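Q: Mind folding the following:
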Amino acid sequence: MNIAGLIKERFNAKLDEIKYVSAMHVAASMCNSETFGSIKNCNEGKEVALCGAGPTLKNYKPINGALHVALNRALLNDKIKYDWFVADDWDGVDFMKDTLKAYDCKKFFGHQLGANYADHRQIPETYLRECGAARYYTDSYMKTNIWKSRFVCDIDKMAIANMPNIALSAMQIILFTNPKKIYLVGCDASAGHFVQPDNLNQGRVDKQEKDLKMAVSSDRTIEKWKELKDFANTFYPDVEIVSINPVGLKGIFVDQYQE
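A: Purely as a prediction, here's the structure:
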């Protein structure tokens, strides 16, 4: 093939990719409009506790009257009755899929743009339907450079920013509901989980702990939390964000310690 032919082939391939990505973003807009349209401002004047699975979750004393949202294995804390559940990674929930399916709460499952069919992170469509979960789309930066993803407020019109940490992604949903206060619980930005399920082998545990160093406790992730603070101050200035028993997030939001 001559140079002109090679250039044309590459141009057409890039054009096809652009068309595909554009179509996926249209699909994301339509899906997220259906999923999030009904919850806009639904928590106005209320309090929400966003519960990650960090070690301090086991010491948390549930705040009366707050809507509780579980992220991944935080659902396994049976001292808390959760109202919502959020996940966008199959690796974070497959080991507790039966428990999650049976749990009575509103469920949101993310679909990551740009991931291929063999990507183990995608939550199966069949499982989503079994759970009666609502699907939402996240952007495609997971496949390119996740640190470039930027927070968005119009999540009913576009894909949610796909962040390295599910708590950062979920905060866009919680802020969209416009509560008066958000409690960050078990969002420790540190190593470890509050529990290791018995059905996880050591290899799986080691891999997840390694992932935590990048997605949860790294300096770049902490910078993303600071970026979130600036985002919230700009678009949701009346929402107070409080870290309960903070570890890695100490000093970023309002710190509150439970006795």
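
Q: Can you name the residues that contact residue 135?
A: Going by CB atoms under 8 Å, 6 or more residues apart in numbering, residue 135 touches 31, 35, 108-111, 128. C-beta coordinates here come from the backbone N, C-alpha and C atoms, glycine included.

Q: Across the sheet, point out what pairs with residue 242.
A: Listed by DSSP bridges, the beta-bridge partners for residue 242 are residue 183, residue 254.

Q: Just to check, it is in contact with residue 183?
A: Yes: the pair residue 242 / residue 183 is scored as a contact, 5.1 Å apart, by CB atoms under 8 Å.

Q: So for the two, which sits in the more crowded spot?
A: residue 183 (24 against 17; other CB atoms under 10 Å).

Q: Surely that one touches residue 50?
A: Yes: Residue 183 lies in contact with residue 50 (CB under 8 Å); the separation is 6.9 Å.

Q: Any regions of the stretch 1-150 of the chain where pLDDT drops low?
A: Within the stretch 1-150 of the chain, the stretches with pLDDT under 70 are 1, 4-25, 114-119, 140-147.

Q: cutoff 80 now
A: The model of the stretch 1-150 of the chain has pLDDT under 80 over residues 1-27, 113-120, 140-148.

Q: And the helices in it, which stretches?
A: 3-36, 97-102, 125-131 (DSSP state H, counting those that start in this stretch).

Q: residues in contact with the shortest one?
A: So that's helix 97-102. 75-76, 85, 93, 107, 127, 130-131.

Q: From residue 85, how far off is residue 36?
A: 15 Å (CB to CB, to the nearest Å).

Q: With residue 106 instead?
A: 7 Å.

Q: Neighbour count for the two, which is higher?
A: Per other CB under 10 Å, whichever of residue 106 and residue 85 has more neighbours is residue 85, with 24 against 15.

Q: so what's the residue most central in space within the chain closest to, chain neighbours aside?
A: With distances taken as CA atoms, centre = their mean, the residue of the chain nearest its centroid is residue 166 (2.9 Å). Excluding its sequence neighbours, the residue lying closest to residue 166 (CB to CB, 6 or more residues apart in numbering) is residue 71, at 5.1 Å.

Q: count of neighbours near the one you found?
A: The burial count for residue 71: 28, using other CB under 10 Å.

Q: So what sits opposite it in the bridge?
A: With DSSP bridges as the rule, residue 71 is bridged to residue 86.

Q: got a list of what it touches?
A: Applying CB under 8 Å, 6+ apart, the residues contacting residue 71 are 50-53, 85-87, 166-167, 170.

Q: Quickly name whichever of these is closest to residue 218.
A: Nearest to residue 218 among the contacts of residue 71, counting by CB to CB, is residue 167 at 13.9 Å.
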